[in-house]
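Engineer: Next one to model:
(2 chains)
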There are 2 protein chains.
Amino acid sequence: MLSDLEIAQQASMKPIVEIAREAGIEEDDIELYGKYKAKVSLEVLKKLKDRPLGKYIDVTAITPTPLGEGKTVTTIGLSMALNKIGKKSIVCIRQPSLGPVFGIKGGAAGGGYSQVVPMEDFNLHLTGDTHAVAAAHNLLAAFIDNHLLHGNELNIDPFTISWPRVVDISDRALRKIIVGLGGKTNGIPRESSFDIAVASEVMAILALTTDIFDLRKRLGRIVVAYNERKEPVTAEDLRCAGAMTVLMRDAIKPNLLQTLENTPCFVHAGPFANIAHGNSSIVADQIALRLADYVVTESGFGADCGMEKFMNIKCRYSGLRPDCVVMVCSIRALKMHSGKYKVIPGKPLDPGILEEDIDALVKGSENLIKQIENARLFGVPVVVAINVFSTDTEREIETVKKIALDNGAFRACVSEVWAKGGEGGKELAEAVVEACDVPSNFDFLYPLDIPIKDKIEIIATKIYGADGVVYEPEAEKKIARYTELGWDKLPICMAKTHLSLSHDPKLKGRPRGFKLPIKDIRPSIGAGFLYPLCGEMRTMPGLPSRPAGMNVDIDSEGRVVGLF
Amino acid sequence: MLSDLEIAQQASMKPIVEIAREAGIEEDDIELYGKYKAKVSLEVLKKLKDRPLGKYIDVTAITPTPLGEGKTVTTIGLSMALNKIGKKSIVCIRQPSLGPVFGIKGGAAGGGYSQVVPMEDFNLHLTGDTHAVAAAHNLLAAFIDNHLLHGNELNIDPFTISWPRVVDISDRALRKIIVGLGGKTNGIPRESSFDIAVASEVMAILALTTDIFDLRKRLGRIVVAYNERKEPVTAEDLRCAGAMTVLMRDAIKPNLLQTLENTPCFVHAGPFANIAHGNSSIVADQIALRLADYVVTESGFGADCGMEKFMNIKCRYSGLRPDCVVMVCSIRALKMHSGKYKVIPGKPLDPGILEEDIDALVKGSENLIKQIENARLFGVPVVVAINVFSTDTEREIETVKKIALDNGAFRACVSEVWAKGGEGGKELAEAVVEACDVPSNFDFLYPLDIPIKDKIEIIATKIYGADGVVYEPEAEKKIARYTELGWDKLPICMAKTHLSLSHDPKLKGRPRGFKLPIKDIRPSIGAGFLYPLCGEMRTMPGLPSRPAGMNVDIDSEGRVVGLF
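Structural biologist: Numbering: from 1, shown residues only, chains lettered A, B, ... in the order given. Below is the predicted model of the structure:
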């Protein structure tokens, strides 16, 4: 069997100018980055503004196992399948971080016969957007420490500085550091930290911004610390936001690549899905929706995480409205949700999970039922996509389909796009087309002008199924202060584990009878949301004992090998 | 008067495909990065291998003031002037770091009417090479700490780890840090540091490598620490060199831009000029020399620093031989070298230095005389270029010309390329053409197979004019150990201040009667040199109280402003 990289390297790619032309983008509006990558100028939005919007499809999933359920594969495959059945489709996905590529997970360009190519570029620097994010982020960090050293005119309280530095490598040794040692010429010693670059608020801003002027304003609004009067200190106050914008002036343009079947693919921005909203960029979707009849995008983690934020945050800022949600599930993950089987990354699967087990499947499908309900709460039709594995039995597949249809799904079908490419997703594509024709009844889950606690409680009870919310004192204090500052009008971006509908990763299926604890709440004023913490959120991964990077090399012809 | 950025933004640029075609590079061999930047495939070297080599000109300078003497301006202007007098010329320069752009110095794309464009791209991310260097560097750093945590199979002695992390921002707070705090899940606490990205050995390797396989080997040879048996531990031992190579697979291709007068300009690699060799890439020069009749390149700092390394290190690894040295000087710098005037960055110039002062000029020209001698030591003809300012008098200019010609210069002429572009450098270009016709008598200053100390002493006495060398105990110990390890066959890359011919920045003119102290000596085995330290070398700049980045912004049309 061929590896993902081998399949990708055998792809018959078209020059990206051609892909762009076929999508309706003129050569003048793209900037080539080699023959198979291009940045698309935001100017096209002006040219296309009178075109009708295509249908907007968000691919999400049940609560995943730590192995993932094939959401990116389905997203790419569905878009290819839509083209196969004669519908003009574009796919919009996130750019992965270098951290996982060389760490645990390996690449993130889909897999099998549903991939984005060139896969090496996709997984490595692409066009440098994440590096631009890191440079802008770190320039601001350097400005902060420099300000402290040169008189601290803004009266920044050093203990309130919440702006870390970032690097796009998994490097646990940087999680907690002391900077500024070595005497006065090196600045003022203080405790600090590094996050992985994609966890930067600048990345969330890139994903949510709508043009360069909006970008400039959002960067200026970033709050990095408080002064001695407890007032927020911003990037604007430090006079850094202009330089940050200039560092981001290419990054704001979406990157155009293609799938193995030459479907246009926008790859743009990759914010975290817990402390940030976990969705690809608004500008890419806006352009795609003026060009294609069907735009397929993906949101991070399960429907309770990325999809909820897609609806309540991304769509709120973009003004775009989804027409259909695709809910990806796998039989093995549903069985895991029964509580009978554990899935542990790096260890072989429990053999039991690979055998037919209708009881476990029915029990675990509680999770699917709740996640379908979650999408329906926004008034959007749901198509369930069963990402099939060779070990799944016909009876298991029929069981899931029936449960889905009995519980509010518009359609439920299998997806074989991993093994067969677009051909393996035709049934799914037809179902999605039908779903998009149903008049959508979209609405946000909460309005912005209600108190912070009300918003949190709506998400906790309606989406997670909690009985209520418990606030720790730190969270209470912050809610009071943020309300005084007028930040209570922002949407809420819950920082919660993706491994359970609840805050506890061990609670599988559809947890009930729990209260959601809020430990703290933090502001991303530039991105435009508050993020309550329902537990420890790791913003800097570590490397495993044998990092994936150990296998990456060049062969005797200089080609990349060992990238997964 | 227009700012550099305004002049650059008014440039009439040609599409880079056209620049490449005129230079003799086919469209198939370039990868566009937008319309005005391209990477050139190293495959062209195979196609061009039977073409004759052009003439090879290194632009260097007297010992500069902290303001710089206009070396980059002269380099760019000379290349444009050569084209103006009908000679096909290409210019090859270094890529600047983001640190100075937002810190003290501002941009580095030349100035006035001798600039490389697009100036914003040149000064910002360009095509991401420095970010790739940083990612490769930091991946190795993460692998080291990860190795320590996961059992330390290689028995690395943590106190010997000499591989810092890097970031391409001036950030003094990262000069001395403690990493790995917060308990075992965050790794093992130890003292460490960040350098600016361009100080990375990976950047020196990029500048000295000749192809992707050589790059792979050099990265593998990087020594990061010693084990408990005091044997070197390399990137190869840590199984990181393959992934580092893959991260650098685009960075190895030279970047093609153009000057304000559409002269092709390779911008590639930017290693430090003290702890590294301070010259642009070998591969760019190799390609340019097969395409043009005259290739003008620049080496960092004064002739005692960058030029000596250009000859003894870069030309040794490339196999290329220079035909002419251009020695840039300014009247104000020569007067400064008399000791009568001080030039302090950020402060207004001493008004005296702007008045005619032949005595000071004659006295300070001792420095010029020595630097001419330094170039002549390699058997290469020297053309002195006086970078004129409006305050220079005719008598002053004639005085310098006479001194230069009386002391070994082949020609001496004024350069007005800053104010007039190529037109202002025609006399200089004619002189360079004549000099290149003189049969060159090039030889290295030292062979590789003599002891480390002999090599250091040859550079110290012949180039710097020292009476001898004094080794501190640490240096003695290292020399003995490196000799045992077989590293004594490498060339020497002196880490010395650029502000004096000696090790003491206060000693101006032509210092005599001093002994050169060697405090320590360090290995860059991947790059392929040892670097003795003649004092503290700062590898992470700080920001001033008002960083240049504060002025950088976008205007109401989204264009960059405030970049110098």
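Engineer: Secondary structure class of residue A:104, three-state.
Structural biologist: Secondary structure assignment for residue A:104 (DSSP: H, G, I helix; E, B strand; the rest coil): coil.
Engineer: Count the neighbours of it for me.
Structural biologist: A total of 18 residues lie near residue A:104 under the criterion other CB atoms under 10 Å in any protein chain shown. Where C-beta positions appear, they are placed from N, C-alpha and C, glycine not excepted.
Engineer: Remind me which helix or strand the closest residue in space to it that isn't next to it in sequence belongs to.
Structural biologist: Excluding its sequence neighbours, the residue lying closest to residue A:104 (CB to CB, 6 or more residues apart in numbering or on different chains) is residue A:544, at 5.3 Å. Assigned by DSSP states H and E, residue A:544 belongs to neither a helix nor a strand.
Engineer: what's the answer for residue A:434, then?
Structural biologist: Residue A:434 is part of helix A:426-437 when elements are defined by DSSP H and E.
Engineer: returning to that earlier point: and the residue nearest to residue A:104, how close does it get to residue B:252?
Structural biologist: Separation of residue A:544 from residue B:252 (CB to CB, to the nearest Å): 29 Å.
Engineer: do residue A:311 as well
Structural biologist: From residue A:311 to residue B:252 the distance is 45 Å (CB to CB).
Engineer: Residue A:544 and residue B:252: which is more packed in?
Structural biologist: residue B:252 (25 against 16).
Engineer: Hmm, that one is touching residue B:213, no?
Structural biologist: No. Using CB atoms under 8 Å, residue B:252 is not in contact with residue B:213, being 10.6 Å away.
Engineer: Could you pull up the residues touching the residue of the stretch 351-500 of chain A found nearest chain B?
Structural biologist: Closest to chain B within the stretch 351-500 of chain A is residue A:497: 16.8 Å, counting by CB to the nearest CB. By CB atoms under 8 Å, 6 or more residues apart in numbering or on different chains, residue A:497 lies in contact with A:274, A:503, A:504, A:505, A:534, A:535.
Engineer: helix or strand right after the longest helix anywhere in chain A?
Structural biologist: Secondary structure of chain A per DSSP state H: the longest helix is helix A:129-149. Per DSSP H and E, the first helix or strand lying C-terminal to helix A:129-149 is strand A:165-167.
Engineer: so how far is that following strand off the chain centroid?
Structural biologist: 19 Å (CA atoms, centre = their mean, to the nearest Å).
Engineer: Just list what it packs against, helices and strands only.
Structural biologist: helix A:129-149, strand A:194-196, strand B:165-167 (3 or more CB pairs under 8 Å, 6 or more residues apart in numbering or on different chains; DSSP states H and E).
Engineer: Not counting its own residues, what contacts it?
Structural biologist: Strand A:165-167 has contacts (CB under 8 Å, 6+ apart) with A:133-134, A:137-138, A:141, A:174, A:192-197, A:199-200, B:138, B:165, B:167, B:171, B:174.
Engineer: Pull up the pairing partners for that strand, direction included.
Structural biologist: Under the criterion DSSP bridges, strand A:165-167 sits next to strand A:194-196 (parallel) in its sheet.
Engineer: circling back to that earlier point, is chain B contacted by the longest helix of chain A?
Structural biologist: Yes. Helix A:129-149 reaches chain B (CB under 8 Å from any CB of the partner chain) through A:131, A:132, A:134, A:135, A:138, A:139, A:141, A:142, A:143, A:145, A:146, A:149.
Engineer: I'd say residue A:341 and residue A:355 touch.
Structural biologist: No. Using CB under 8 Å as the test, residue A:341 is too far from residue A:355 to be in contact (10.3 Å).
Engineer: Between those two, which is the more surrounded one?
Structural biologist: residue A:341 (21 against 11).
Engineer: roughly how far apart are the more buried one and chain B?
Structural biologist: 27 Å (CB to the nearest CB, to the nearest Å).
Engineer: same deal with residue A:40?
Structural biologist: For residue A:40, the distance to chain B - CB to the nearest CB - is 12 Å.
Engineer: for residue A:115, same thing?
Structural biologist: In terms of CB to the nearest CB, residue A:115 sits 18 Å off from chain B.
Engineer: try residue A:543
Structural biologist: Taken as CB to the nearest CB, the span from residue A:543 to chain B is 4 Å.
Engineer: try residue A:231
Structural biologist: 21 Å.
Engineer: Which element, helix or strand, includes the closest residue to chain B within the stretch 151-300 of chain A?
Structural biologist: In the stretch 151-300 of chain A, the residue that lies nearest chain B is residue A:242 (2.9 Å; CB to the nearest CB). Secondary-structure element containing residue A:242, defined by DSSP H and E: helix A:241-247.
Engineer: Give me the average confidence score over that helix.
Structural biologist: Averaging pLDDT along helix A:241-247 yields 98.
Engineer: With chain B in mind, check whether the helix or strand that that helix is followed by reaches it.
Structural biologist: Sequence-wise, the next helix or strand downstream of helix A:241-247 (DSSP H and E) is strand A:255-259. No. On the criterion CB under 8 Å from any CB, strand A:255-259 is out of touch with chain B, staying 12.4 Å away.
Engineer: Just list what strand A:255-259 packs against, helices and strands only.
Structural biologist: helix A:16-23, strand A:38-40, helix A:71-84, strand A:114-117, strand A:264-267.
Engineer: residues of the last one that come out buried?
Structural biologist: Same thing as strand A:264-267. For strand A:264-267, a neighbour-count test (16 or more other CB atoms under 10 Å in any protein chain shown) marks A:264, A:265, A:266, A:267 as buried.
Engineer: The third one: what's its closest spatial neighbour, skipping adjacent residues?
Structural biologist: The spatial neighbour of residue A:266 that comes closest, neighbours along the chain excluded (CB to CB, 6+ apart), is residue A:284 at 3.8 Å.
Engineer: burial measure for the residue nearest to the residue of the stretch 151-300 of chain A closest to chain B when sequence neighbours are not counted, as a count.
Structural biologist: Leaving aside its sequence neighbours, residue A:242 sits nearest to residue B:553 (CB to CB, 6+ apart; 2.9 Å). For residue B:553, the neighbour count with other CB under 10 Å is 19.
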